[in-house]
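Peer 1: The following comprises the amino acid sequence and a computationally predicted model.
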Amino acid sequence: MSDFYRPTRSHVAAGLIALFLGSLGLHKFYLGYFREGFIMLGVSILGGLVSFGIASAAVGLIGLIEGVIYLLTSQRDFEETYVLRKKEWF
């Protein structure tokens with residue numbers, strides 16, 4: 001690791017946001033994926049109203065899975081995959 005290496009986004013913060021607020025897509029906003037964040041937020045709120053909560057549960061499951069992935073990934077791999085290469089989903 002270089003002396004000048006400074007993480008721009010924490011995998012722990014992203015993971016915890018995804019675990020607790022993933023159904024609203026807030027972890028996507030934290031990572032700078034605004035389009036994906038609005039998609040998750042819209043599906044969770046509007047889709048949840050139309051589907052009686054089923055769509056919200058599905059988006060929450062996606063947030064849970066992504067949170068676990070973020071937490072199990074090393075900081076360096078997280079930065080390379082989700083910050084530098086901009087992998088939006090999973």
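Peer 2: Great, that's in hand. Residues are numbered from 1 along each chain as shown.

Peer 1: Leaving out chain neighbours, which residue sits closest to residue 37?
Peer 2: Excluding its sequence neighbours, the residue lying closest to residue 37 (Cβ to Cβ, 6 or more residues apart in numbering) is residue 28, at 3.5 Å. For every residue, glycine as well, the C-beta is placed using N, CA and C.

Peer 1: My error: substitute residue 40 in the last question.
Peer 2: residue 25 (2.8 Å).

Peer 1: and that neighbour, how far is that from residue 75?
Peer 2: Distance of residue 25 to residue 75, given as Cβ to Cβ, to the nearest Å: 22 Å.

Peer 1: Could you do residue 84 as well?
Peer 2: Residue 84 is 13 Å from residue 75, by Cβ to Cβ.

Peer 1: okay, the two: which has more neighbours?
Peer 2: residue 75 (14 against 10; other Cβ atoms under 10 Å).

Peer 1: helix or strand for residue 38, which one?
Peer 2: Counting by DSSP states H and E, the element that carries residue 38 is helix 34-42.

Peer 1: which residues are in contact with that helix?
Peer 2: Residues outside helix 34-42 that contact it (Cβ atoms under 8 Å, 6 or more residues apart in numbering): 22-26, 28-29, 59, 62-63, 88-89.

Peer 1: List the buried residues for it?
Peer 2: Residues of helix 34-42 classed as buried by neighbour count (16 or more other Cβ atoms under 10 Å): 36-37, 39-41.

Peer 1: Give me the next element, helix or strand, following it.
Peer 2: Later in the chain than helix 34-42, the nearest helix or strand by DSSP H and E is helix 48-50.

Peer 1: Against which helices or strands is that following helix packed?
Peer 2: helix 54-72 (3 or more Cβ pairs under 8 Å, 6 or more residues apart in numbering; DSSP states H and E).

Peer 1: could you give the angle of the helix it packs on to helix 34-42?
Peer 2: In terms of direction (axes from the mean of the first three to the mean of the last three Cα atoms, to 10 degrees), helix 54-72 departs from helix 34-42 by 130 degrees.

Peer 1: which element is the most centrally placed residue in the chain on?
Peer 2: The C-alpha lying nearest the average C-alpha coordinate of the chain belongs to residue 27 (Cα atoms, centre = their mean; 3.8 Å). Secondary structure from DSSP H and E places residue 27 in helix 26-31.
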